[in-house]
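Undergrad: Following is a predicted model, sequence given first.
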Amino acid sequence: MNKFVRAAAVALAVLHATSAHAHRAWLLPSSTVLSGTDLFVTVDAAISNDLFGFDHHALRLNGLVVTAPDGSVIEPENAATGKFRSVFDIPLKVQGTYRLAVTSNNLSASYQLNGEKKFWRGPAEGLAKLPTAATDVVVTEQQRRIETFVTSGKPSEDALKPAGQGLEMQPITHPNDLFAGEEAQFKLLIDGKPAAGVQVEIVRGGLRYRSQPDEASVTTGSDGVFKFKWPEAGMYLMEASVKDGATTIKEAKERRATYSATLEVLPN
């Protein structure tokens with residue numbers, strides 16, 4: 001087969017494999033485990049079809065919070081947003097584990113207008129701008145947390161404390177202590193309480209260079225805990241979502257809380 005035709009066929013297979021999970025949002029650090037002094041990590045932030053590729057659009061950094069090992073919040077440096085990705089640097093001045101998270105809480109709405117179904121998405125204050133003639137309005141609260149973890153020197157726990165809002169992951173196995181062939185445990189929380197029976201998707205990056213998506217699915221127990229044995233080293237994305245009626249905005253009838261985390265699994 002002509003190499004250009006073969007490349008096109010592979011690209012088409014990748015597109016088909018990712019179509020069921022289009023537009024994944026993620027943070028990708030240049031390193032997750034470091035040692036030494038005067039350290040920095042650079043982080044890419046994007047929403048893409050090809051996991052950890054740049055093919056859709058940048059992830060905005062409005063809700064970015066970087067929690068240092070002592071629990072304080074530090075400012076990113078050199079932040080910039082382009083068409084396909086945002087980027088920022090984090091100085092690792094204190095040893096321990098840093099939590100990098102982009103969070104948002106918005107609304108989405110569907111409604112009928114002049115016989116057509118319309119959709120809107122935005123902050124709560126924008127809901128008042130819907131057409132006055134709109135009917136059958138259904139409003140959903142959209143809570144989102146996208147995060148990753150970086151450790152300088154010895155791993156620590158203070159930055160990993162849950163906020164108690166929305167869908168979160170509480171590590172049992174440290175997120176920067178993951179190795180191929182070993183089992184890790186994590187706990188999902190919804191508003192600080194165990195999130196039971198939630199399906200968690202775990203996807204390995206590098207799909208561009210594989211013909212198979214290499215995805216796995218596990219379900220949390222009644223205590224919110226789930227286990228996963230890493231098949232091989234690489235960068236992984238962990239995703240989960242919950243739908244319920246526990247809205248924090250009175251206009252919303254339903255809440256959809258989503259969570260994703262980028263984790264690096266090291267060779268054993």
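TA: Cool, got the structure. Bear in mind that the values here come from a model prediction, so they are computed numbers and not experimental data.
Undergrad: in the stretch 51-200 of the chain, which spans are strands?
TA: 57-58, 64-67, 73-74, 77-81, 86-92, 96-113, 116-122, 135-152, 167-171, 183-190, 193-194, 199-204 (DSSP state E, counting those that start in this stretch).
Undergrad: Can you tell me which of the ones you listed is packed in deepest?
TA: strand 167-171 (a mean of 22; mean count of other Cβ atoms under 10 Å). Just so you know, the C-beta spots here come from the backbone N, C-alpha and C atoms, and that holds for glycine as well.
Undergrad: Let me have the strands of the stretch 51-200 of the chain in a markdown table, adding distance to Thr37 and mean pLDDT as columns.
TA: What follows is the strands of the stretch 51-200 of the chain, written out as a markdown table (distance: least, Cβ to Cβ, whole Å; pLDDT from 0 to 100):
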| stretch | distance to Thr37 | mean pLDDT |
| --- | --- | --- |
| strand 57-58 | 32 | 94 |
| strand 64-67 | 19 | 97 |
| strand 73-74 | 17 | 96 |
| strand 77-81 | 17 | 97 |
| strand 86-92 | 9 | 97 |
| strand 96-113 | 14 | 95 |
| strand 116-122 | 44 | 93 |
| strand 135-152 | 9 | 96 |
| strand 167-171 | 26 | 97 |
| strand 183-190 | 29 | 98 |
| strand 193-194 | 40 | 98 |
| strand 199-204 | 33 | 96 |
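Undergrad: If you drop the residues flanking it in sequence, what lies closest to Ser260?
TA: Glu239 (4.6 Å; Cβ to Cβ, 6 or more residues apart in numbering).
Undergrad: what about that neighbour, which helix or strand?
TA: Following DSSP states H and E, one finds Glu239 within strand 234-244.
Undergrad: which neighbours does that strand have in its sheet, and in what orientation?
TA: In the sheet, strand 234-244 lines up against strand 199-204 (antiparallel), strand 254-265 (antiparallel) (DSSP bridges).
Undergrad: Direction-wise, compare it with strand 167-171 and give the angle.
TA: Relative orientation of strand 234-244 versus strand 167-171 (axes from the mean of the first three to the mean of the last three Cα atoms, to 10 degrees): 130 degrees.
Undergrad: Give me the buried positions along strand 234-244.
TA: Using 16 or more other Cβ atoms under 10 Å as the test for burial, strand 234-244 gives Gly234, Met235, Tyr236, Leu237, Met238, Glu239, Ala240, Ser241, Val242.
Undergrad: Rounded mean pLDDT for stretch 247-260, please.
TA: Average pLDDT, stretch 247-260: 93.
Undergrad: Could you work out the end-to-end span of that stretch for me?
TA: Stretch 247-260 has an end-to-end distance of 20 Å (criterion: Cα to Cα, to the nearest Å).
Undergrad: Need the contact partners of that stretch.
TA: 24-26, 105, 107, 124, 127, 138-147, 166-169, 188, 190, 237-246 (Cβ atoms under 8 Å, 6 or more residues apart in numbering).
Undergrad: same thing with stretch 56-64?
TA: So stretch 56-64 is contacted by 23, 25-27, 45-49, 76, 79, 81-86, 88, 100-104, 146 (Cβ under 8 Å, 6+ apart).
Undergrad: Could I get the CA-only coordinates of that stretch as CSV?
TA: Written as CSV, here are the backbone C-alpha positions of stretch 56-64 (Å, rounded to 0.1, in the frame of the first residue of the first chain):
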residue,chain,number,x,y,z
HIS,A,56,-9.8,21.2,18.1
HIS,A,57,-9.4,24.3,20.3
ALA,A,58,-7.6,25.6,23.3
LEU,A,59,-8.8,25.1,26.9
ARG,A,60,-9.4,28.5,28.4
LEU,A,61,-7.5,29.2,31.7
ASN,A,62,-10.2,31.3,33.4
GLY,A,63,-10.8,28.8,36.1
LEU,A,64,-7.1,27.7,36.6
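Undergrad: that older thread, now do the contacts for the residue nearest to Ser260.
TA: Here Glu239 is in contact with His21, Arg24, Val200, Glu201, Ile202, Val203, Thr258, Tyr259, Ser260 (Cβ under 8 Å, 6+ apart).
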